[in-house]
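Enquirer: Predicted coordinates and the sequence they were generated for:
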Amino acid sequence: MTRDEIISGLKFTMDMFLFDPNTGETYTEPRDYMDKITIDACKGAIELLKQNKRKRGYWIKEKTINGWDGQSYTCSKCGRSIHLDTKVEDLTDYPYCHCGTKMEESE
């Protein structure tokens with residue numbers, strides 16, 4: 001399940017707690033304390049899901065250093081570098097930067 005699907009489900013839950021199936025009316029405020037607790041919890045969860053949306057970036061290849069068999073790459077989001085020993089490592093060993101950014105294959 002994706003983050004957007006979870007948010008959509010939480011919004012649906014909030015709408016259901018504001019809907020009166022007997023009258024077909026949709027209220028603007030919760031009708032009782034339990035509805036308010038549920039709606040507030042859904043709003044809080046939605047806010048957290050939106051705040052924690054993972055950053056996405058890519059590795060930028062740097063110039064090769066003379067006399068070194070490795071390769072350096074820089075994070076497109078924070079600028080931090082990684083240095084690979086190309087004999088034993090490649091970029092698939094680093095799917096995330098130290099800053100938490102999820103690395104994509106290219107720009």
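Expert: Looks like it came in fine. Just so it is clear, the model here is predicted, and its values are computed rather than measured.
Enquirer: can you pull the buried residues of the longest helix seen in the chain?
Expert: Identified as the longest helix of the chain according to DSSP state H is helix 33-51. Residues D35, I39, C42, I46 are the ones in helix 33-51 that count as buried (16 or more other CB atoms under 10 Å). Just so you know, the C-beta spots here come from the backbone N, C-alpha and C atoms, and that holds for glycine as well.
Enquirer: Export the residues you listed as JSON lines, with columns for pLDDT.
Expert: Listed next are the buried residues of helix 33-51 as JSON lines, based on pLDDT from 0 to 100:
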{"residue": "D35", "pLDDT": "90"}
{"residue": "I39", "pLDDT": "92"}
{"residue": "C42", "pLDDT": "92"}
{"residue": "I46", "pLDDT": "90"}
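Enquirer: Columns distance to R54 on top of these, output as TSV?
Expert: Formatted as TSV, the buried residues of helix 33-51 follow (distance: CB to CB, whole Å):
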residue	distance to R54
D35	32
I39	27
C42	22
I46	16
